[in-house]
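A.B. asks: Provided below for reference: sequence and predicted model.
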Amino acid sequence: MKNSHFVSETDLSRQRDIALTLAKEIIPRKLTFFVETFGCQMNVRDSETIKGWLSMIGYTEAKNKESADFVLYNTCCVRDHAEKRLMGNIGALKERKDENPGMIIAICGCMMQQEGMAKKLLKRFPHVNLIFGTNALHRFPEMLREVLNGDRVALTDRDNDAIAEGLPKLRDNQRNAFVNIMYGCDNYCSYCIVPYVRGHERSRRPEDIRNEIVSLVENGITEITLLGQNVNSYGNDGSTGIKFAELLRYVSDAPGLKRIRFMSSHPKDLNDDVMQAIASLPNVCHHVHLPVQSGNNEVLRRMNRKYTREHYLSIITRLREMVPDIEFTTDIIVGFPGETEEAFQDTLSLVEEVGFAAAFTFAYSPRQGTVAARMEDQIPETVKKKRLQALNALQARKTVENNEKYIGHIGEVLVEGYDERGEETLLYGKYQNFKMVYFPGCKALLNRYVTVKVTQSNKNSLLGEMIDA
Ligand code: 5AD
Ligand code: SF4
């Protein structure tokens, strides 16, 4: 891991000046934007920054992309056919742009940091105006100015990975927020493209993280999710002076902060100190998203995950001893090259043994440039599909089992939304350990904490009643 470096305040204030100058021209024109985000929470966070810039520049949010003057796709390349889907989406916008020639079409995100991708898209889609990678977010006003002057712009410099602090953000709710603590990844799991497109691990300074959280809480947000590809390696390069467990302690006493979540955790780095922090800090939530990927040691070795099944299970056992109401969620890949039927059975037995609250399951998809894509023994799609179905069926049964434990459970829920069903309004929200519950209530309780008792467990969800608002 190399030491982090930062975009200078001079550069950032130049960008802000450009934004404010553009605003004088944009605001009277009443222009609108539409941002479509694919992929993980990192991308959701990045989109908040782009929307923040767009708002500063004077755009307002459009109801749909057909009517928008600025359309952006924030892409993901971690799995599957994202590229094909993007091509389809961009192709479909051609007609809209013919009707509204002033429309700006932009593409950003980690897919744009793939070798040769920007060039390919510019060539194939002459109606695309702007392409930029995750490292160029802080230069958005400058890029947009060039586009408004009639140029086509592509900025996907993978080497320029300085951290930019203090960028504007437009968040979509007043209750919970994602806060990046680090960027990039140095783990090089053999199936994963992230280190190639998002670059080296860089950690933010503890005081910047804390200041952001304090200001969010001052603005009414009470639940924070700390984000990183592997939050447990925060500060491992020594540049921040503290490691992840210390960061948790340092931010957890921000006045008014009710809940702290974090994701994702890597089993190889989830150490005793972090476990102690989860157990002892009152507002750190009792939920760990701990991707296991496979239950078989040989597959884990070839995935370059650097832990064994036994080590993984020992973390689960230890955390459950320390924090009895803790819940685990996970990510699992089936059909990794060379995965035998026995190896797959090991994944099933691990899922059976752990009892995850939820699992995000994926069929392995080769990513160009990664080690696993070059491995022999690629598994046929039909086999991957069969294994995925078997795994999902097992997890569905485990989810039901997990839900049944909650009948009679009483706890505080943060209200996140509501469904209106005829006369009745069903609110929903999460207990601190990530379990979601639905219950009748009034919309005015949105973003508030209420106490809910679980009365019924359905297949996928818990139903309850409010016992205190
Ligand atoms: N194929 C399938 N799943 C993948 N993931 C990452 N790369 C791949 C790939 N090439 C999954 C992993 C990771 C999650 C974010 O996406 O399970 O934890
Ligand atoms: Fe990809 Fe592994 Fe890094 Fe996660 S830890 S982003 S799976 S390389």
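C.D. replies: Here it is on my side, so go on. Ligands and ions are numbered 1, 2, ... in the order given.

A.B. asks: what does this protein put close to ligand 2?
C.D. replies: Residues of the chain lying close to ligand 2 by C-beta under 6 Å from any ligand atom are Cys185, Asn187, Tyr188, Cys189, Cys192, Val194, Pro195, Gln229, Asn230, His266. Quick note: C-beta positions are derived from backbone N, CA and C, even for glycine.

A.B. asks: switch the cut-off to 5 Å
C.D. replies: Cys185, Asn187, Cys189, Cys192, Val194, Gln229, Asn230 (C-beta under 5 Å from any ligand atom).

A.B. asks: out of these, which are inside strands?
C.D. replies: Among those, no member is found in strands (DSSP state E).

A.B. asks: which regions of the chain sit below the pLDDT cut-off?
C.D. replies: Judged by pLDDT under 70, the chain has its weakly predicted residues at 1-4, 469.

A.B. asks: returning to what we had before: reformat the residues of the chain next to ligand 2 as CSV; add distance to Asn211 and neighbour count.
C.D. replies: Converted to CSV, the residues of the chain next to ligand 2 look like this (distance: C-beta to C-beta, whole Å; neighbours: other C-beta atoms under 10 Å):
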residue, distance to Asn211, neighbour count
Cys185, 25, 22
Asn187, 28, 17
Cys189, 32, 23
Cys192, 32, 22
Val194, 27, 22
Gln229, 23, 22
Asn230, 23, 25
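
A.B. asks: which pair of those spans the longest distance?
C.D. replies: Pairwise distances across these peak at 11.0 Å for Cys192 and Asn230 (criterion: C-beta to C-beta).

A.B. asks: okay, now Ala118: neighbour count?
C.D. replies: Around Ala118 there are 20 other residues, counting by other C-beta atoms under 10 Å.

A.B. asks: helix/strand/coil for it?
C.D. replies: helix (DSSP: H, G, I helix; E, B strand; the rest coil).

A.B. asks: start the count at 36 instead of 1 going forward.
C.D. replies: Let's use 36 as the start, then, which means that last one is Ala153.

A.B. asks: Ile259 versus that one, what's the distance?
C.D. replies: Distance, Ala153 to Ile259, by C-beta to C-beta, to the nearest Å: 34 Å.

A.B. asks: same check on Met471?
C.D. replies: From Met471 to Ile259 the distance is 18 Å (C-beta to C-beta).

A.B. asks: same deal with Ser384?
C.D. replies: Ser384 is 36 Å from Ile259, by C-beta to C-beta.

A.B. asks: with Gly457 instead?
C.D. replies: Separation of Gly457 from Ile259 (C-beta to C-beta) stands at 36 Å.

A.B. asks: residue in the stretch 236-385 of the chain nearest to ligand 1?
C.D. replies: Asp366 (3.4 Å; C-beta to the nearest ligand atom).

A.B. asks: wouldn't that residue be in contact with Ala393 here?
C.D. replies: No: Asp366 is beyond contact range of Ala393, at 10.3 Å (criterion: C-beta atoms under 8 Å).

A.B. asks: tell me how this protein divides into domains.
C.D. replies: Domain assignment of the chain by automatic domain parsing yields the ranges 44-190, 211-438, 445-501.

A.B. asks: tabulate the ones you listed (TSV), appending distance to Glu200.
C.D. replies: TSV is the format used below for the domains of the chain (distance: least, C-beta to C-beta, whole Å):
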stretch	distance to Glu200
domain 44-190	8
domain 211-438	5
domain 445-501	27
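
A.B. asks: out of those domains, nearest to Pro203?
C.D. replies: domain 44-190 (3.2 Å).

A.B. asks: measure the closest one end to end?
C.D. replies: 21 Å (C-alpha to C-alpha, to the nearest Å).

A.B. asks: next one: it to chain centre, how far?
C.D. replies: Put simply, domain 44-190 sits 19 Å off its chain's centre (C-alpha atoms, centre = their mean, to the nearest Å).

A.B. asks: then stretch 461-473?
C.D. replies: So, by C-alpha atoms, centre = their mean, the centroid of stretch 461-473 is 19 Å from its chain's centroid.
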